[in-house]
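[1] Sequence and computational prediction follow.
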Amino acid sequence: ASFLADLHTETSCPICLDYLRDPTTIDCGHNFCHSCIQQRWKDLQDIFPCPVCLQQCRSGNLKRNTQLCHMTDIVKQLSTTRSKKKRQEEKPLCENHNQEASLFCEKDLELLCPQCRISSNHQDHHLIPIDQAATCHRKKLKSYIEPLRKKVQDAENGLRMAVSKLVELKDKVENQKRELHSEFEQFIRFLGQQQEAIYIRLINEKRGVNRKLIENKIQISDHTSTLKNLLSEITEKVVQEDLDLLTGIGSIHNRYELLKPPAVFSYELKREHCSLPPQYFGLQNMISIFQVNLILDPETAHSNLIVSEDRKTVMYRMMNPNCPQSPWEFNVYPSVLSSEGFDSGRHFWQVEVRGTGDWSLGVCKESFPRNAITSPSPNNGCWQIGPWTSKFAAWESVNLTRIGVFLDYELGEVSFYNLNNRSHLYTSTVRSTEKLIPYF
């Protein structure tokens, strides 16, 4: 009997608990009715878990096990005494009434027996047979699969984004460290140059004062000798006879009256001070007070310019010449405007230029022609700067150039600064009564 029971277990479907019908063996080795496993795997696409061991199978293709089918037929003939009563004994029992659980409470999500239907705890609850509840909840669980897959994908994308932001933050910190290091080196070089200039001025001043002191010393020494000679001559004169005393007395009187002592050279050393260049204070104040945060206007971008999603970066790349064009975009020179313009006040913005090739930036009038064949210039309402400008032919060849642009609308000036070394590059007079827009 025990061997027969084991045979029955091996030839029973773990899903329906009945004899295997059209038995199918999956990758992990477990066997199921073809219809049962097909129903269980319905609507699944990538993951096919075994209902028994939960091992994921490679595919949902099902193959019939002919040998097991024959063995099941034999066991059916041998085991005619096994009834559903025994299977019912194996079913879970209600904890409260010790009866077979054949109902399911949709509100409390609990297995119940018929006796529980009249219990006070579940009188008003919706109770349905177990097979209906299982079908309903199986369908509901399957509906969770796709949203969960999307959430997993979103979480993985979020993780990648977080890692990317960490790397980006690290790069920004390193870039800032390099910029500060460069600024400190330039500052130290400036201090060294200023120290050397002050020392040279002090040495030259010392030499000049020393020369004047020597000249004054000679003058005083000569005057002292003149005084001593006159004193000696007068001392001899006063003891002579009257006739001899009066002879040549006029010369002595004249020399005595004309005696003028040389001025004693006096000098006060000028105090030297170490002073920082104006840009170390003025430019920083300008940035902190007048800096604006600009974004690009994609509708004005030339078809060969790609504007990033955050509208903070623009890159040149040759595109399809037949792509549709916007009436507001530049269609001759690869240019783009800021989404914000200014018709008053003072404004400062910073631009980073990376890579190689020509570039230019500045401001232009709102009426600046987008389809002009002539190159942008103050004559047609565009004031810009670039490495090709003749005044800056010896522009530093670096991979990263930081340019500061300062627009003083009321004063009618736009100034450009090299933020790599905080030096002033160029100031252009802007004559316009209309709105001025940052131009790139």
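    Now that the structure is in, tell me what you want to look at.

[2] what kind of secondary structure is residue 230 in?
    Put simply, residue 230 is helix when judged by DSSP: H, G, I helix; E, B strand; the rest coil.

[3] check contacts around residue 369.
    Residue 369 makes contact with residue 380, according to Cβ atoms under 8 Å, 6 or more residues apart in numbering. Any C-beta I mention is one placed from the backbone N, CA and C, and that applies to glycine too.

[4] Tell me how far it lies from residue 332.
    With the distance defined as Cβ to Cβ, to the nearest Å, residue 369 ends up 9 Å from residue 332.

[5] Residue 5 too?
    90 Å.

[6] What ranges does the stretch 251-400 of the chain have for its helices?
    282-290 (DSSP state H, counting those that start in this stretch).

[7] ok, now the stretch 101-250 of the chain?
    Going by DSSP H, counting those that start in this stretch, the stretch 101-250 of the chain shows helices at 130-237, 242-246, 249-257.

[8] For those helices, give me CSV that also has mean pLDDT, distance to residue 435 and mean neighbour count.
    Formatted as CSV, the helices of the stretch 101-250 of the chain follow (pLDDT from 0 to 100; distance: least, Cβ to Cβ, whole Å; neighbours: other Cβ atoms under 10 Å):
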stretch, mean pLDDT, distance to residue 435, mean neighbour count
helix 130-237, 89, 33, 11
helix 242-246, 87, 100, 10
helix 249-257, 90, 83, 11
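
[9] Which among these is found nearest to residue 117?
    Smallest distance to residue 117 across the helices of the stretch 101-250 of the chain (Cβ to Cβ): 13.7 Å, for helix 130-237.

[10] what angle do the closest one and helix 249-257 make?
    With axes from the mean of the first three to the mean of the last three Cα atoms, to 10 degrees as the basis, helix 130-237 and helix 249-257 are set at 160 degrees to each other.

[11] Could you list every helix and strand in contact with helix 130-237?
    Here helix 130-237 touches strand 103-105, helix 249-257, going by 3 or more Cβ pairs under 8 Å, 6 or more residues apart in numbering; DSSP states H and E.

[12] As CSV, the ones you listed with distance to residue 365 would be great.
    Listed next are the helices and strands packed on helix 130-237 as CSV, based on distance: least, Cβ to Cβ, whole Å:
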stretch, distance to residue 365
strand 103-105, 76
helix 249-257, 82
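
[13] And these: which comes nearest residue 440?
    strand 103-105 (67.1 Å).

[14] Can you list the strands that that closest one pairs with?
    strand 110-112 (antiparallel), strand 127-129 (antiparallel) (DSSP bridges).

[15] Looking at those strands, spot the one closest to residue 168.
    Nearest to residue 168, of all these, is strand 110-112, at 51.2 Å by Cβ to Cβ.

[16] Domains in this structure, by residue range?
    1-90, 282-439 (automatic domain parsing).

[17] follow-up on the earlier one: okay, the strands paired with strand 103-105, which one's buried deepest?
    Neighbour counts (mean count of other Cβ atoms under 10 Å) averaged over each of the strands paired with strand 103-105 peak at strand 110-112, with a mean of 20.

[18] how close does residue 13 sit to residue 25?
    According to Cβ to Cβ, residue 13 and residue 25 sit 12 Å apart.

[19] Pull up the overlap in contacts between those two.
    Counting by Cβ under 8 Å, 6+ apart, the shared contacts of residue 13 and residue 25 are residue 31.

[20] And those two? Which one has more around it.
    Ranked by neighbour count (other Cβ atoms under 10 Å), residue 13 and residue 25 place residue 13 first, with 22 against 16.

[21] Could you check how far the more buried one is from residue 19?
    Distance of residue 13 to residue 19, given as Cβ to Cβ: 7 Å.
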